[in-house]
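In: Let's see this in three dimensions:
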Amino acid sequence: MDASINLEPLRQTFTLKERIYQVLREAILEMDVYSKNTDLRLDERKIAQQLGISRTPVREALVRLENENLIEIKSRIGVFVKKRSIEEVAELVVVWAAIESMAARLACGQVSQKEVEELVLIGVKDSSENQDVYSEANIMFHRKILELSKCNMLKKIGEDIFAQIEPARRHAMRDPTRTEQSISDHAEIVNAIQSNKPEKAANLVREHTLRLEKYIRKTWKNLDT
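Out: Just a heads-up that it's a prediction; the model follows:
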């Protein structure tokens, strides 16, 4: 089974630097970097061939991704998707918990009914048919809370942090034992935001995210190996 990065060729109209960067970034964030079957090495030549472009813009995009701490460029060795240690992942989750709890607090009192309905549809999506579908919905739910804060600076900082923990969150959501609790938590969070209870919403979001931190510390014993 080929578990390396998966890319589709780009049309000539999409060969702008920003588009190349975005395609690579999205592909990397969708990788399960904590699976033993995933090949973390990125082949610059192969990427260029898959996208149907030259290697120069690929190299430029990789430098940007390294600056975001999503990949590592090791001189004379190669380019690798970054796989963080247990401690690094856990600390990032703690930071995210603080940011998202503030976002939930700010969302209270200013969300529209339509926005609440969108949050409900995302947050309570059934996982019985496809765990990957639920995993994507879970990520969308947390990004939506950030968006509902209506605070651009908080959203920007939050997105930077979330991008770094997304691979860990994606991997964790493949554990079906966590799904039922997650759906229940989401329902409570939505209710608190809809009912304009900022303190409760902030606390629920923080506790929900910190459960991920505890889960990682407890179960990912082989992550650093």
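
In: Tell me the buried residues in the host helix or strand of residue 118?
Out: Residue 118 is part of helix 113-123 when elements are defined by DSSP states H and E. Going by neighbour count (16 or more other CB atoms under 10 Å), the buried part of helix 113-123 is 115, 116, 118, 119, 120, 122, 123. Just so you know, the C-beta spots here come from the backbone N, C-alpha and C atoms, and that holds for glycine as well.

In: would you turn the residues you listed into TSV with distance to residue 18 and pLDDT?
Out: Shown next, in TSV, are the buried residues of helix 113-123 (distance: CB to CB, whole Å; pLDDT from 0 to 100):
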residue	distance to residue 18	pLDDT
115	28	91
116	33	88
118	27	88
119	29	88
120	34	85
122	27	81
123	31	70
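
In: Show me the two of these that sit farthest apart.
Out: Maximum pairwise distance in these, criterion CB to CB, is 12.1 Å, between 115 and 123.

In: neighbours of residue 152, just the number please.
Out: Neighbours of residue 152 under the rule other CB atoms under 10 Å: 8.

In: An error on my part: the question was meant for residue 98.
Out: Residue 98, neighbours per other CB under 10 Å, totals 16.

In: Now for it: which residues touch it?
Out: residue 206 (CB atoms under 8 Å, 6 or more residues apart in numbering).

In: Could you tell me what pLDDT the model assigned to it?
Out: With respect to pLDDT, residue 98 has a value of 96.

In: C-alpha coordinates for the helix-or-strand element of the chain with minimal mean pLDDT, PDB please?
Out: Lowest by mean pLDDT, DSSP states H and E among the helices and strands of the chain is helix 131-148, with a mean of 83. Backbone C-alpha positions of helix 131-148 (Å, rounded to 0.1, in the frame of the first residue of the first chain) are rendered in PDB as follows:
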ATOM      1  CA  GLN A 131     -15.100   7.400  10.400                       C
ATOM      2  CA  ASP A 132     -13.000   9.500   8.000                       C
ATOM      3  CA  VAL A 133     -16.100  11.600   7.200                       C
ATOM      4  CA  TYR A 134     -16.700  12.200  10.800                       C
ATOM      5  CA  SER A 135     -13.000  13.100  11.400                       C
ATOM      6  CA  GLU A 136     -13.300  15.800   8.700                       C
ATOM      7  CA  ALA A 137     -16.600  17.100  10.200                       C
ATOM      8  CA  ASN A 138     -14.900  17.300  13.600                       C
ATOM      9  CA  ILE A 139     -12.100  19.400  12.200                       C
ATOM     10  CA  MET A 140     -14.600  21.700  10.500                       C
ATOM     11  CA  PHE A 141     -16.600  22.100  13.700                       C
ATOM     12  CA  HIS A 142     -13.600  23.400  15.600                       C
ATOM     13  CA  ARG A 143     -12.600  25.800  12.800                       C
ATOM     14  CA  LYS A 144     -16.200  27.000  12.700                       C
ATOM     15  CA  ILE A 145     -16.000  28.100  16.300                       C
ATOM     16  CA  LEU A 146     -12.900  30.000  15.500                       C
ATOM     17  CA  GLU A 147     -14.700  31.700  12.700                       C
ATOM     18  CA  LEU A 148     -17.700  32.600  14.800                       C
END
